[in-house]
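Trainee: Could you work out the structure for the sequence below:
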Amino acid sequence: MTTTSFEFPGRWVEGVALVLGPVLMLAGVLLRVDVDAFFPGQLAAFAGNPGRMTASYSAFAAGNVLLWPAVIALVRRVWPARPRWALWGGVMVLSGLFARVFHAGVDHLAFQLVDVRGVEAARTVIADSYGAFHVFHSLSIAIFFGWIVLAVGAWRAGVLGTVRSIALASVSALPIGVLKGTWPMSIVATACLCVALVPLGVRVLRDGPAPRWWAYPLTLVLGAVAVLSGTLG
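Mentor: Numbering: from 1, shown residues only. Sure thing, here's the model as predicted:
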């Protein structure tokens, strides 16, 4: 029986995700750096400048989604030398990414409440329901420890050096929850994520043959569609 090797999701997806995921998350937190980090300030900022706040939260959410192939890329490289660290670090971080996506959905609903009912009504709804239990809340602790476990595994496996491993572990300080504005640790954590993963992404993209010619125009078209969808939506 003939067998073929298949690495999911593939070098190009992993490389692009390693570069764009951290950069988009950093851009997201910087776009709202001058806004009060507590949720009333975030809602008021959306009412005053919905375009900027939508771009900020969209960039952060998109970067978070792109982290899943980035994490898989790192896990696959740690696995041969430190399989247990790779397994548990990867599982915890990926689980925590689901929690961030859930919170992004709540953020979106909160901003729609501002449009439909006004800032005060949206603030009251969020304040009265803040902290309500949901199964995804239990994953918040997973991503906190997951980055540390994965960083230790990457360091022990020699995939990341000491500085970049420390940077990866520092991502655990990134606040998680509904309508989280930009705190000082938000900037530090997302900048550390860039330090840890972007160089690896560049190396992954360079390590192998160039993509087919049609990949370049296809990427431009998909990027334009994504930008237009976000603008028109």
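
Trainee: from here on, contacts and neighbour counts on C-alpha atoms
Mentor: OK.

Trainee: Show me the residue sitting in the middle of this protein in space.
Mentor: residue 64 (1.9 Å; Cα atoms, centre = their mean).

Trainee: which strands and helices sit next to the one helix or strand that residue maps to?
Mentor: Remark: residue 64 resides in helix 50-78, with elements defined by DSSP states H and E. The contact analysis (3 or more Cα pairs under 8 Å, 6 or more residues apart in numbering; DSSP states H and E) places helix 50-78 against helix 11-31, helix 39-48, helix 83-117, helix 140-156.

Trainee: right, and those helices - which one's nearest residue 190?
Mentor: Nearest to residue 190, of all those, is helix 11-31, at 5.1 Å by Cα to Cα.

Trainee: and the closest one, average pLDDT?
Mentor: In this model, helix 11-31 has a mean pLDDT of 94.

Trainee: OK, contacts around the closest residue to residue 183 other than its chain neighbours?
Mentor: Spatial nearest neighbour of residue 183, excluding adjacent residues (Cα to Cα, 6 or more residues apart in numbering): residue 37 at 6.4 Å. Contacts for residue 37 (Cα atoms under 8 Å, 6 or more residues apart in numbering) come out as 180, 181, 182, 183.

Trainee: what's the distance between residue 37 and residue 91?
Mentor: 29 Å (Cα to Cα, to the nearest Å).

Trainee: again, but for residue 144
Mentor: Plainly put, residue 144 is 12 Å away from residue 91 if you go by Cα to Cα.

Trainee: Which one's more surrounded, those two?
Mentor: residue 144 (21 against 18; other Cα atoms under 10 Å).

Trainee: Quick one, grab the pLDDT at the more buried one.
Mentor: For residue 144, the model assigns a pLDDT of 90.

Trainee: ok, now which ones touch it?
Mentor: Residue 144 is in contact with 93, 96, 171, 172, 173, counting by Cα under 8 Å, 6+ apart.

Trainee: redo that, cut-off 7 Å
Mentor: The contact partners of residue 144, by Cα atoms under 7 Å, 6 or more residues apart in numbering, come to residue 172.

Trainee: Just the element for the nearest residue to residue 103 once chain neighbours are set aside, please.
Mentor: Spatially, and ignoring its direct neighbours in sequence, residue 103 is nearest to residue 178 (5.2 Å; Cα to Cα, 6+ apart). Under the criterion of DSSP H and E, residue 178 resides outside all helices and strands.

Trainee: what number of residues lie near residue 178?
Mentor: The burial count for residue 178: 20, using other Cα under 10 Å.

Trainee: what's the answer for residue 147, then?
Mentor: 27.

Trainee: start at 35 instead
Mentor: Okay, residue one is now 35; in that scheme the one you just asked about reads as residue 181.

Trainee: Hmm, residue 201 and it touching each other?
Mentor: No. Residue 181 lies out of contact with residue 201 (Cα atoms under 7 Å); the separation is 9.7 Å.

Trainee: Model confidence for the residue nearest to residue 137, exactly?
Mentor: pLDDT, residue 212: 93.

Trainee: Assess the claim that it and residue 142 are in contact.
Mentor: No. Between residue 212 and residue 142 there is no contact under Cα under 7 Å: 9.8 Å.
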